[in-house]
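Undergrad: sequence and computational prediction follow.
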Amino acid sequence: MTGKARKSAPHATPPHLTRERDEIFREATKRPVHLRGRFILLVFFGGTLGTAARLGLSLLFPTDGLPTTILAINLAGAFILGVLLESLIRTGQDIGMRRAVRLFIGTGFFGGFTTYSALAVDTVRLAESGEPGISVLYAAGSLVLGTLVAWLGIVCARKARQ
C-alpha cells in the first residue's frame with residue numbers, strides 16, 4: 001500500500017433493520033400509545049375476553065373457603081405474562097405486531113383475566129370470617145407465588161429461545 005488510507009466500502013443496512021428503524025422513527029413522531037384509538041380498542045377487547053374467561057372459570061370451579069380458583073387464575077396469568085413479555089422483548093422493538101400482541105393479550109386479556117381486586121376482596125372476606133392468619137397467608141402467598149411464577153415464565157421463555 002502506498003501511504004494512503006484505504007477506503008472501506010460502505011456497509012449496506014439489511015432491509016429488515018431499515019424497515020424496523022423507519023417504523024421506530026414513525027412511532028416516535030405519533031401520539032402516545034395510550035391516546036390512540038386502535039390500541040385502546042385492542043386493550044378493551046382483550047380485557048373483555050380475559051374477564052369473561054375468568055368469570056367462566058370462577059363459575060365452572062366455585063370454591064368455598066379458600067378461593068383457590070382465583071389463586072390459580074392469578075398464578076397462571078402471571079406465568080403466561082412472564083413467558084409472553086419475555087418472548088416479545090427478545091424478538092425486537094415494541095412496535096407493529098409485537099406492540100399489538102402485547103396490548104391485546106398482555107395488557108388486555110391477561111389484565112382482565114388476572115384479578116388482584118378479587119384477591120383483595122377474598123383476603124378481606126377471609127379475615128372477616130374469623131381467619132385472619134389464613135387471610136394474611138393467602139394474600140402474601142399469592143403475591144410471592146405470583147412473583148415466582150412470573151419469573152419462572154421469563155426463565156422458560158429465555159430457555160426456549162436459546
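TA: Here it is on my side, so go on. Numbers count the residues shown, from 1 in each chain.
Undergrad: C-alpha from now on. contacts and neighbour counts both.
TA: Will do.
Undergrad: biggest helix in this structure by residues?
TA: If each helix of the chain is counted by residues according to DSSP state H, the longest one is helix 132-161.
Undergrad: what's the offset of that one from the middle of its chain?
TA: 14 Å (CA atoms, centre = their mean, to the nearest Å).
Undergrad: buried residues in that helix, which are they?
TA: 135, 138-139, 142-143, 145-154, 156-157 (16 or more other CA atoms under 10 Å).
Undergrad: which other helices and strands contact that helix?
TA: Judged by 3 or more CA pairs under 8 Å, 6 or more residues apart in numbering; DSSP states H and E, the packing partners of helix 132-161 are helix 68-91, helix 116-128.
Undergrad: got the angle between that helix and helix 68-91?
TA: 30 degrees (axes from the mean of the first three to the mean of the last three CA atoms, to 10 degrees).
Undergrad: now do helix 132-161 and helix 116-128, the angle between them.
TA: 150 degrees.
Undergrad: average pLDDT across helix 132-161?
TA: Helix 132-161 comes out with an average pLDDT of 95.
Undergrad: just for this protein, where's the confidence low?
TA: Low-confidence segments of the chain (pLDDT under 70): 1-30, 34.
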